[in-house]
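Trainee: one predicted model, sequence on top.
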Amino acid sequence: MLRFALIRAEHGFLLHALHVLWMHRIALFWPVWTAITALAIALTFLALRRKTITQNRPRTSLHAGLHKLPRDSVVSVLFLALFLAFYIAGTLAWEGFTSPDDSMFTLGPLVGQHIAPPIWPSLGRFFPFGYQEYNLLRYVSNSVIGYHSLHILQLMILPSILLFLAKELIIRERVELILLMLITPSFLISFSGLIYPEANLIFWLVFLAWSVNRFEQTHSMAWVLLAVISAQCMLYYKECAFLLLLGFTVGRLLLRCWNATQPGWDFAKLRDPESRLDICLALLVIPFLLYYLAAMYPHYDMRYAAAARLPLAEVISIYAKIDLLAWIFVAVILARIFLILCHHLVPSVFWDGLALGALAYVAGYLILRMQSAYYLAPVDLIAVLYLGRLAFLHWHDMRLELRLCAVTALTFIVLQDLSLSAFRMYERKNVIQADVAIGNVIEDRFRRAPQNAQRIFFPFARPYRITEFAAYLNYIGVPVEETRNGSDLTGGISLVAKKILKDAPCVEDRPFICHAGPTPEPGDLVVILPDDFTRAGELVAYRQEGTEPIFSYRPYPSIPKSMQPLVRHLHVVSYAFFNRPLPDFWPNGAVIQWK
């Protein structure tokens, strides 16, 4: 009886523990992730414990062969370092907490609030590692530069690793590929802003690729540890990252077992240490998917993806306009797969496996029918390295026609990358500076005469944009009317907008109240934001006779009229106007005192 009672007690305790775990499955993310990671490391070490991995193998040093490098290598590396210095300086210049979604900082870490892991079942979003670094950075600095410091560090580390990854190429060629990667729009966007998880996804992807590559050369367990940790971090930065990992590891297994010179498979190679590591990394996807399904229960409608879904033809068209590199890469890897299956090519397990991972990632976004200028940043990184390596290694074997095609494709890619990246940075910096300047004008008037700045009227701004600007005003010390406990209103400046239908929170997950108002009232500050969708004719209604705006922002540097038609064709990479023409007032801003 006693034994039976003990068994029942243990059974009851286990059920209670599982019930608690299920009820708090989102709040307990960090203990769950830590347990999964520790178990994965232990099982991977167990799978690779055999003596085959400790046999004497030629160990390669990261610095092996440096003395054999050509003399121009030092010049190439110094040029890369100089380019990175200007690149980082450009990233930090004219920055402020006014970019889209920066309200998570001005309402969060900048005022001492913790950012919870982004697990949002109602939206179908699950990227728990997103923005968690800022919970630590806030203890170091509350400045814009402090918040960008992690990306600055990553920008210094990544090129250093990539210099050692494509060892078949000379240093000058590797530097050229890194430079091309840095000017790619998706990469630039990911590392110039604070809100893009793709930057961290790229960082851990490079560490994963590096550690797997080094394990193949050394069979050191230290690289196994780094590979598992990198894969675990990568998975939880973006929902589609599991496709990248699965495509990489399963692709490597298939390529390793494929007989390149004769029909059939050699499944005995699954016992190799490299194969066992790939299997262990692939199995990490299982707990990720189980956790995702548990966290999302019962919301499996993926509301976020459904709202952003576009017709497939439109998605393909947009990606062709913003990422020609990705489509050339897809065409090349599909052609190589065909030739490998026909036994005309011997695959590179590492590089072709990495390409298959990128191909699976592209397929994921096409299936979801979602597009954005930065979504394919990991694919662009792999594409630059993969295509560049193939071009450099086979340049002397290419026929003249292939060389001309390669040079033509490279020319189009570079021109597209430079023009789109320049447009995106021009837009970003001017919108930030305009918002900061408009905020300073409102703050100054509020400090000098609070009674003259009690209402702000937004004739063109969307509710989301008003919310972001209100969060910035709150951050710089201008109180904005908001709700607490769902009903109580605090004092502060009232936000009135023409596009608001009724008095309510501007957006559902922010506290600021937006009031409906078709026209401004005497004494209102009429604010036109730089990314409002405005046409020249609509502005006339807010230009009172004999009244000049108390502040006007003009973009710097100004765009010559001869170049404006060309610039307007680049709107496809704009964060606000990717699907419609640029407004006439873009990216100007103004504050008008209504009388």
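Mentor: Received it, and whenever you're ready, just let me know what you need. Numbers count the residues shown, from 1 in each chain.
Trainee: hey, let's count contacts and neighbours off CA atoms from now on
Mentor: Will do.
Trainee: on the three-state scheme, Y361 is what?
Mentor: Put simply, Y361 is helix when judged by DSSP: H, G, I helix; E, B strand; the rest coil.
Trainee: who are the contact partners of it?
Mentor: Counting by C-alpha atoms under 8 Å, 6 or more residues apart in numbering, Y361 touches C240, A241, L243, L244, G247, V379.
Trainee: domains for the protein, by residue range?
Mentor: As assigned by automatic domain parsing, the chain contains the domains 22-52+70-306+314-397, 427-593.
Trainee: D417: which of those is closest?
Mentor: In terms of C-alpha to C-alpha, the element of these nearest to D417 is domain 22-52+70-306+314-397, at 5.2 Å.
Trainee: give me the mean pLDDT for the closest one.
Mentor: Domain 22-52+70-306+314-397 carries an average pLDDT of 93.
Trainee: end to end on it, go ahead and measure it.
Mentor: 60 Å (C-alpha to C-alpha, to the nearest Å).
Trainee: quick one: it to chain centroid distance?
Mentor: Centroid separation for domain 22-52+70-306+314-397 versus its chain: 10 Å, with C-alpha atoms, centre = their mean, to the nearest Å.
Trainee: now do the helix ranked longest in the chain: which elements does it pack against?
Mentor: Counting by DSSP state H, the longest helix found in the chain is helix 400-448. Packing contacts for helix 400-448, counted by 3 or more C-alpha pairs under 8 Å, 6 or more residues apart in numbering; DSSP states H and E, involve helix 171-183, helix 185-192, helix 324-341, helix 463-475, strand 551-553, strand 589-593.
Trainee: how far is it from where the chain is centred?
Mentor: 16 Å.
Trainee: now do that helix against helix 463-475, angle only.
Mentor: Interaxial angle of helix 400-448 relative to helix 463-475 (axes from the mean of the first three to the mean of the last three C-alpha atoms, to 10 degrees): 50 degrees.
Trainee: give me the helices and strands touching the helix or strand just after helix 400-448, please.
Mentor: Next helix or strand after helix 400-448 toward the C-terminus (DSSP states H and E): strand 455-458. For strand 455-458, the packing partners by 3+ C-alpha pairs under 8 Å, 6+ apart come out as strand 494-497, strand 525-528.
Trainee: name every strand pairing with the first one and say which way it goes.
Mentor: Each strand pairing with strand 494-497, determined using DSSP bridges, is listed with its direction: strand 455-458 (parallel), strand 513-516 (parallel).
Trainee: wait, doesn't L310 sit right on R369?
Mentor: Yes: counting by C-alpha atoms under 8 Å, L310 touches R369, with 5.5 Å between them.
Trainee: what about those two, which has more around it?
Mentor: R369 (19 against 16; other C-alpha atoms under 10 Å).
Trainee: thinking again about what came up before, among the helices and strands packed on strand 455-458, which comes closest to L158?
Mentor: Once those are compared by C-alpha to C-alpha, strand 525-528 is nearest, at 40.0 Å.
Trainee: A231: neighbour count?
Mentor: 24.
Trainee: re the thing from before, inside helices: which ones of the contacts of Y361?
Mentor: Judged by DSSP H, helices contain the following of the contacts of Y361: A241, L243, L244, G247, V379.
Trainee: in stretch 137-144, which residues are buried?
Mentor: Buried residues in stretch 137-144, counted by 16 or more other C-alpha atoms under 10 Å: L137, R138, N142.
Trainee: which one of those residues sits closest to L385?
Mentor: L137 (31.6 Å).
Trainee: residues in contact with the nearest residue in space to I189 that is not next to it in sequence?
Mentor: Nearest residue to I189, sequence neighbours excluded (C-alpha to C-alpha, 6 or more residues apart in numbering): Y374, at 6.3 Å. Y374 is in contact with P185, S186, F187, I189, S190, E198, counting by C-alpha under 8 Å, 6+ apart.
Trainee: L110: what's it in contact with?
Mentor: L110 neighbours (C-alpha under 8 Å, 6+ apart): R138, N142.
Trainee: state the mean pLDDT of the longest helix of the chain.
Mentor: Here helix 400-448 scores 95 as its mean pLDDT.
Trainee: how far away is K269 from N259?
Mentor: Distance, K269 to N259, using C-alpha to C-alpha: 11 Å.
Trainee: whoops, I161 was the one
Mentor: From I161 to N259 the distance is 32 Å (C-alpha to C-alpha).
Trainee: more neighbours, the two?
Mentor: N259 (18 against 15).
Trainee: can you pull the contacts of that one?
Mentor: By C-alpha under 8 Å, 6+ apart, the neighbours of N259 are W265, D266.
Trainee: not including adjacent chain positions, what is the nearest residue to the residue nearest the centre of the chain?
Mentor: Closest to where the C-alpha atoms of the chain average out (C-alpha atoms, centre = their mean) is E198, at 2.4 Å. Counting by C-alpha to C-alpha, 6+ apart, E198 lies nearest to S190, which is 5.8 Å off, once chain neighbours are set aside.
Trainee: so the one you found touches L201, yeah?
Mentor: No: counting by C-alpha under 8 Å, S190 does not reach L201; the two are 9.8 Å apart.
Trainee: wait, the residue nearest to the centre of the chain touches Y375, no?
Mentor: Yes: with contact defined as C-alpha under 8 Å, E198 reaches Y375; the gap is 7.2 Å.
Trainee: in stretch 125-132, what's buried?
Mentor: Buried, per 16+ other C-alpha under 10 Å, within stretch 125-132: R125, F126, F127, P128, F129, G130, Y131.
Trainee: and those residues, which of them are in helices?
Mentor: Checked against DSSP H, the buried residues of stretch 125-132 include nothing in helices.
Trainee: filter those residues down to the ones in strands?
Mentor: R125, F126 (DSSP state E).
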